[in-house]
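K.L.:
Give me a model of this one.
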Amino acid sequence: MSDPEQARGRATPWPSGGRRAAAWRWPASWIRFAESTQAALKEWALADVAPGRLVPWLPVAFGAGIALYFAAEREPATWAAAGLTLTCVVAAVLLRRRAVAFPLALAFTAVAAGFAVATLRSATIAHPVLAVPATAKISGWVEVREERERSDRIVVRAYRVAAGRLSETPERVRVAVRKGTAPPVGAFVEMQARLSPPLAPLRPGGYDFARDLYFQKIGASGFVLGQIKTVDPPAPPTLRLRYAAAVDAMRGGIDKRIRAVVPGDEGSIASALITGKRDAISKELNEAMYISSLAHVLSISGYHMALVAGVVFFIVRAGFALLPTFASRYPIKKFAAMTALAVAAFYLVLSGAEVATQRSFIMLSIVLVAVMLDRTALTLRTLAMAALAVLLITPEAVVHPSFQMSFAATLALVAVYAGGVSMVRPDAEDPLHVRMALWGGREIAALILASLVAGLATTPYAAYHFHRAAPYGVLANLLAMPIVSIWVMPMGLLGVLTLPFGFDAFFWRLMGQGIGWMDTVALWVASLPGAVGRISAFGIGPLLLGTAGLLLVCLLRTPLRWSGGVAVILATLWALATPPPDVFIASDGRAVAARGSDGRLALIKIGSDSFAIREWLASNADARMPGDISLNGGTKCDALGCVARLKDGSFIALALSPEAFGDDCRRAAVVVTPGNGPTSCAAMTSDRQSRLRTGAVTLRQAGDGFAVTPTRPPGYDRPWARAIPSTGNAEGAVPGARPAQRDATPRAEDLEPGD
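P.N.:
Here you go, the predicted model:
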């Protein structure tokens with residue numbers, strides 16, 4: 001055994017006469033790069049979880065818990081949510097000395113707390129919700145009065161509801177009335193109204209109006225039949241109702257005064273900025289404001305609150321500064337903050353104290369209190385505390401677009417501010433003309449940056465909820481917002497202050513002139529080519545991923561933040577890759593939209609309700625309106641029903657009579673009927689009984705059948721959408737997609753007009 005390998009008792013793996021190859025190793029430069037990368041990632045991660053850095057993530061976790069509540073298919077038990085929160089709190093206390101376990105336990109506790117708060121909120125406001133349409137005689141107190149462009153709307157707290165076959169009657173109803181006939185807030189009225197259950201989503205993934213009304217404690221909506229009678233109440237109104245009546249009377253008086261001085265849309269917008277009554281603006285201008293990204297001016301939010309408080313703060317502090325003795329002895333900055341807070345509170349009451357305005361006031365209050373306590377006012381911690389306060393009071397806000405967009409914009413702006421982004425500042429030694437030029441350039445650059453940052457941050461939410469983007473939003477805001485900030489709102493503030501003395505008309509007219517400029521900008525921008533950026537609907541997944549990316553970019557301080565940019569890019573690609581539905585079916589079965597071979601939707605419907613159709617077209621990035629004649633392309637109707645061709649050559653039928661089922665079930669791929677369907681049908685069917693459980697439905701062709709997406713999945717049962725038990729529908733009823741049992745390709749004469 002002279003061979004060394006054999007001497008060691010091992011057989012050589014190398015061929016006889018071969019040469020053993022050297023073991024492959026990673027290049028030294030690669031190893032050094034991997035080690036340095038690992039060290040850098042560890043350093044960045046430790047910096048981003050350093051003491052104090054995780055505080056802004058608490059409201060994120062709290063909001064995630066609320067979102068989980070709304071994602072549940074059945075109402076959670078209050079005791080279970082509370083018990084989970086208590087368990088998490090105990091675990092966090094026990095792990096408080098663990099460097100890694102404690103932050104994780106705290107995050108789980110925040111999620112559980114958010115889930116529990118939302119569950120408790122739903123339980124405390126529980127109220128009956130109308131299940132089926134009914135005509136009822138209603139008597140009660142008017143709590144809310146809204147003026148709209150074509151009609152008015154009131155919310156009535158019911159004292160008595162008389163309607164047959166109703167097991168439960170709603171406590172509050174919202175009804176539309178003829179223009180100019182709405183009684184004042186606080187009046188006790190008697191009326192007959194046609195009531196309907198709160199509107200469910202118009203398509204799967206659409207906005208849930210019923211959920212929104214449930215948290216407003218409104219159990220039904222409808223319209224008044226005949227006249228409204230104002231009668232003596234059976235009991236004195238409550239203190240809260242008397243307060244609401246006094247506030248509404250004050251708002252109504254200011255509204256009438258403004259419109260008397262400034263007629264038209266300028267007066268309507270002026271009133272909207274002061275009193276919050278924004279429903280009288282013309283449809284054309286309102287649409288232009290949305291297209292140009294100036295619609296945020298119409299809704300009193302953080303911008304308006306900050307502007308009013310900022311003007312008051314500046315005036316009060318400047319006035320005190322003119323008194324050197326007083327200014328040197330007392331904290332005039334804190335006095336100015338207190339005054340600004342008081343004025344902001346009055347503005348909250350005057351504007352109607354809507355939910356979005358309440359959120360803005362809460363955030364502004366935290367900022368002004370920070371000034372009084374000598375703390376930095378504008379920080380991520382301040383924003384985190386404001387978000388947490390809002391979610392504690394109104395947890396349902398987390399699914400509302402106004403909350404999502406306002407906090408996304410504010411978060412992005414605060415992150416830019418906290419990141420040390422600054423503009424060129426003029427030097428005191430520069431010539432006057434140089435300082436003026438630098439000052440103007442700096443302000444313009446700051447406005448452009450703010451518009452761009454806020455616009456980018458809110459784009460995912462505008463795309464998800466409204467299916468649109470504003471390509472010229474920066475241009476519109478650059479042209480209009482300086483006038484709104486330095487002219488419109490200050491004139492409105494002076495108008496309110498001088499109103500009791502009778503000198504307000506001058507300021508209202510000046511305010512109207514500034515609003516006229518804003519209207520001109522909005523209409524001009526809306527007329528530009530490509531001004532309407534239409535975006536097809538996508539699911540909640542891309543929105544959540546985009547939100548995570550925004551949070552990473554804004555809340556992290558190290559280069560790890562750019563991982564959020566990767567998440568945003570992936571979310572964008574995911575949203576763009578979402579396949580559109582091929583068929584939309586309304587919840588009442590009276591409207592159907594089908595995608596033809598040209599990729600466009602064709603419409604078959606009965607009745608004149610176009611609300612759902614508008615939503616379908618918008619979600620399909622389709623610029624057409626419900627009355628567009630091209631929507632009837634490829635469809636045919638007769639006395640028994642209608643048919644429309646699908647992209648694969650098959651067709652969908654809307655059966656209006658039982659006599660149509662025989663032919664439609666034999667030759668159509670899908671049969672839709674507003675009533676009850678046949679007991680057996682070769683085609684997939686969608687009838688009244690199936691849609692009572694599922695709501696509106698979309699279909700997407702997949703192979704030989706259809707992928708069915710209901711608005712409410714099977715087993716869904718929430719307080720605003722109670723489950724309806726199954727009654728044994730036909731085997732092929734939606735949902736239960738299955739391939740057609742025969743060739744559904746129509747003959748040529750099937751779609752010929754006049755057949």
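
K.L.:
and the residue nearest to Gly65 when sequence neighbours are not counted, what is it in contact with?
P.N.:
Of all residues not flanking Gly65 in the chain, Gly114 sits nearest, at 2.6 Å (CB to CB, 6 or more residues apart in numbering). No exception for glycine: its C-beta is placed from N, CA and C like everyone else's. For Gly114, the contact set (CB atoms under 8 Å, 6 or more residues apart in numbering) comprises 61-69, 391, 395.

K.L.:
For Val185, which non-adjacent residue is closest in space?
P.N.:
Nearest to Val185 is Asp248, by CB to CB, 6+ apart, at 3.9 Å.

K.L.:
Thought Pro183 was touching the one you found, still the case?
P.N.:
No. Assessed by CB atoms under 8 Å, Asp248 is found out of contact with Pro183, at 11.0 Å.

K.L.:
Mutual contacts of these two, please.
P.N.:
Arg145.

K.L.:
Find the residue at the geometric middle of the protein.
P.N.:
Computing the C-alpha centroid of the chain and ranking residues by CA atoms, centre = their mean puts Pro401 first, at 1.6 Å.

K.L.:
residues near the closest residue to it other than its chain neighbours, how many?
P.N.:
Ranked by CB to CB, 6+ apart and with sequence neighbours excluded, the top spatial neighbour of Pro401 is His465, at 4.3 Å. By the criterion of other CB atoms under 10 Å, His465 has 17 neighbours.

K.L.:
and the one helix or strand His465 maps to, average pLDDT?
P.N.:
Assessed by DSSP states H and E, His465 sits inside helix 432-466. The average pLDDT for helix 432-466 rounds to 73.

K.L.:
quick revisit: let me see the backbone angles for the residue nearest to Val185.
P.N.:
phi -60, psi -40 (degrees, to the nearest 10).

K.L.:
So for it, what pLDDT did the model give?
P.N.:
For Asp248, pLDDT reads 90.

K.L.:
Tell me who's in contact with it.
P.N.:
145, 184-186.

K.L.:
cutoff 7 Å now
P.N.:
Counting by CB atoms under 7 Å, 6 or more residues apart in numbering, Asp248 makes contact with 145, 184-185.

K.L.:
Rebuild those as CSV, extending it with pLDDT and distance to Met481.
P.N.:
Formatted as CSV, the contacts of Asp248 follow (pLDDT from 0 to 100; distance: CB to CB, whole Å):
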residue, pLDDT, distance to Met481
Arg145, 89, 31
Pro184, 91, 35
Val185, 92, 33
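
K.L.:
Just those residues: which are in strands?
P.N.:
Under the assignment DSSP state E, the contacts of Asp248 contribute Arg145 to strands.

K.L.:
Name the nearest residue to Ala47, ignoring sequence neighbours.
P.N.:
Thr558 is the one closest to Ala47 (CB to CB, 6+ apart), at 5.2 Å.

K.L.:
Pretty sure that neighbour sits against Lys42.
P.N.:
No. In this structure, Thr558 is not within contact of Lys42 by CB atoms under 7 Å, at 11.0 Å.

K.L.:
Show me which of the two is the more surrounded one.
P.N.:
Using other CB under 10 Å, the more surrounded residue of Thr558 and Lys42 is Thr558, with 15 against 10.

K.L.:
which intervals of the stretch 651-755 of the chain have sub-threshold pLDDT?
P.N.:
725-755 (pLDDT under 70).

K.L.:
For Arg624, see how far away Gly352 is.
P.N.:
35 Å (CB to CB, to the nearest Å).

K.L.:
swap that for Ala639, sorry
P.N.:
27 Å.

K.L.:
Please apply the same query to Ala723.
P.N.:
36 Å.

K.L.:
same check, this time on Gln701
P.N.:
When Gln701 is compared with Arg624 (using CB to CB), they lie 22 Å apart.

K.L.:
Also Ala591?
P.N.:
15 Å.

K.L.:
And the two? Which one has more around it.
P.N.:
Here Ala591 and Arg624 are compared on neighbour count by other CB under 10 Å; more neighbours surround Ala591, at 26 against 16.

K.L.:
any idea of the pLDDT on Asp255?
P.N.:
90.

K.L.:
tell me the contacts of it?
P.N.:
271, 275, 277.

K.L.:
Equivalent analysis for Glu147, please.
P.N.:
By CB under 7 Å, 6+ apart, Glu147 lies in contact with 277, 279-280.

K.L.:
any idea of the pLDDT on it?
P.N.:
79.

K.L.:
who does it bridge with?
P.N.:
Asp152 (DSSP bridges).

K.L.:
Low-confidence regions, the chain specifically.
P.N.:
In the chain, residues with pLDDT under 70: 1-24, 355, 377-378, 419-444, 447, 725-755.

K.L.:
re the thing from before, give me every residue that touches the residue nearest to Ala47.
P.N.:
Per CB under 7 Å, 6+ apart, neighbours of Thr558: 44, 47-48.

K.L.:
List buried residues within these.
P.N.:
Buried members of the contacts of Thr558, scored by 16 or more other CB atoms under 10 Å, are 44, 48.

K.L.:
Would you reformat the contacts of Thr558 as a markdown table and include secondary structure?
P.N.:
Conversion of the contacts of Thr558 to a markdown table gives the following (DSSP: H, G, I helix; E, B strand; the rest coil):
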| residue | secondary structure |
| --- | --- |
| Trp44 | helix |
| Ala47 | helix |
| Asp48 | helix |
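
K.L.:
which among the contacts of Thr558 gets closest to Arg693?
P.N.:
Asp48 (46.9 Å; CB to CB).

K.L.:
Pretty sure the closest one sits against Leu556.
P.N.:
Yes. Asp48 is within contact range of Leu556, at 5.1 Å (criterion: CB under 7 Å).

K.L.:
quick one: what helix or strand has Pro713 in it?
P.N.:
Using DSSP H and E, no helix or strand contains Pro713.

K.L.:
tell me, how many neighbours does the residue nearest to it when sequence neighbours are not counted end up with?
P.N.:
Excluding the flanking residues, the one nearest Pro713 by CB to CB, 6+ apart is Glu73, at 6.3 Å. Other residues lying near Glu73 total 12 when counted by other CB under 10 Å.

K.L.:
cool, and Ser680?
P.N.:
For Ser680, using other CB under 10 Å, the count is 11.

K.L.:
Now name the helix or strand holding it.
P.N.:
Using DSSP H and E, Ser680 falls outside every helix and strand.

K.L.:
where does Val173 fall, helix, sheet strand or coil?
P.N.:
Classified using three-state DSSP, Val173 is strand.

K.L.:
OK, contacts around it?
P.N.:
Val173 touches 138, 156, 158, 195, 218-222, counting by CB under 7 Å, 6+ apart.

K.L.:
Which of those residues sits closest to Ala107?
P.N.:
Ile218 (35.2 Å).
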